[in-house]
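Engineer: sequence and predicted structure, then a few things I'm wondering about:
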Amino acid sequence: MSSVIASTRLSVLDRSRTREGQDGPAALRDTVRLAQELEALGYHRFWVSEHHSVPGVAGSAPTVLAAAVAAATSTIRVGTGGVMLPNHQPLVVAEQFGVLESLFPGRIDMGLGRSVGFTDGIRRALGRDKKDADDFAAQLDELLGWFTGGQRAHPQVHARPAEGLRVPPYVLATGEGAGIAARAGLPLVIGDLRGRDKMLAAIEDYRRGFEASAWSERPYVIVAGTVAVAGTEEEARRLLVPEAWSLAYSRTHGVFPPLLPPERIEALAMTDKERGFHRAGVEGHVAGTEEQVADALEAVIKDSGADEVLVTTSTYDRDALLGSFRRLARVAELPGAVAGPAAGGLTSADA
């Protein structure tokens, strides 16, 4: 396989997607089991996400879930992709990551985003407003100051046990995120792979505007996107069908549903609008056989100069998902990868 891919870090972001007939607690336990499986394969880091009041996503408290993942693993880096800073007070976020770093030293990543609750009702429940996203740069500066002791807004207050600890921060690029990351001198997480030209332009601007900081001496780029690997290109594309339909349904009905089996979706009588959104959701991702995915990822890495690739794949069949990650581990020549067909993964009954 490609030496370019083998020399690039490979990580995973899991959003704790629920599946039809499955409740939230089961989805969260699946996330922990997935982290264990990926640690054995040799993936570099495992991140969890923050979503509020989304029916098909169980991950609402990323620092709590990250603690469970870190406790169930021993070597893989664990973090958030990300904590949505406008939803929280920076002091509380610093305290939470301070606790995580104290319990699991040297393994915790602090991925931070600038999105705020996506409906008026959620924002009201969080005590937030759309305009809070505009304060992300100031919130980020305050958050980092709680670790360094350099925050100035509350001189008599100290973040315990965060102050003096070093938890690597990462900025998720949405909107102005890339520019904020550059000015703050922080690593950048950017996607997705389908918007290649826009992504590459943002990366170029980030590198051009990067200012070295105490957190990072040089630009560091993580490109994020969906990657599906199977024995055939058709099988790989079918892995994308459940998430694509969930997205299409959310755009036409305002509800983000649990993942359905591909055969159920393929039998649906979709409206033209639903079919268009669904088709768009399947297209443009990195999907195919090991050889096809190797070629596609090599092109992405060469074009972007990425230091790392963060994979965000979701599908209904958990065994097929683990099989995809095992094949991808072979593509990247990870230490836990083995030759031969990708075996199925652990089921809930096996764990």
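Structural biologist: In hand now; what should we look at? Numbers count the residues shown, from 1 in each chain.

Engineer: which parts of stretch 57-65 are buried?
Structural biologist: 57-60, 62-63, 65 (16 or more other C-beta atoms under 10 Å). (Each C-beta comes from the backbone N, C-alpha and C, glycine too.)

Engineer: among those, name the ones in helices.
Structural biologist: Among the buried residues of stretch 57-65, DSSP state H puts 62-63, 65 in helices.

Engineer: of those residues, closest to V309?
Structural biologist: Distance to V309, by C-beta to C-beta, is smallest for P62 among those, at 20.6 Å.

Engineer: among the ones in helices among the buried residues of stretch 57-65, which one lies nearest to R330?
Structural biologist: So of these, ranked by how close each gets to R330 (C-beta to C-beta), first place is L65, at 28.0 Å.

Engineer: from T174, how far off is that closest one?
Structural biologist: Here the criterion is C-beta to C-beta, to the nearest Å. By it, L65 lies 21 Å from T174.

Engineer: if we can go back for a sec, want to throw the buried residues of stretch 57-65 into TSV with pLDDT?
Structural biologist: Formatted as TSV, the buried residues of stretch 57-65 follow (pLDDT from 0 to 100):
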residue	pLDDT
V57	91
A58	90
G59	90
S60	89
P62	96
T63	97
L65	98
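
Engineer: can you name the two of those residues that are farthest apart?
Structural biologist: V57 and T63 (16.2 Å).

Engineer: neighbours around the residue lying closest to V116 once chain neighbours are set aside, how many?
Structural biologist: Spatial nearest neighbour of V116, excluding adjacent residues (C-beta to C-beta, 6 or more residues apart in numbering): P86 at 4.4 Å. If you count neighbours by other C-beta atoms under 10 Å, P86 ends up with 22.

Engineer: for the one 4 residues further on, same thing?
Structural biologist: A count of nearby residues for P90, using other C-beta under 10 Å, gives 21.

Engineer: ramachandran angles for it?
Structural biologist: phi -50, psi -40 (degrees, to the nearest 10).

Engineer: how about the residue at the greatest distance from the centre of the chain, secondary structure?
Structural biologist: Taking C-alpha atoms, centre = their mean, the residue of the chain most remote from its mean C-alpha position is Q156, at 35.5 Å. Judged by DSSP: H, G, I helix; E, B strand; the rest coil, the three-state class of Q156 is coil.
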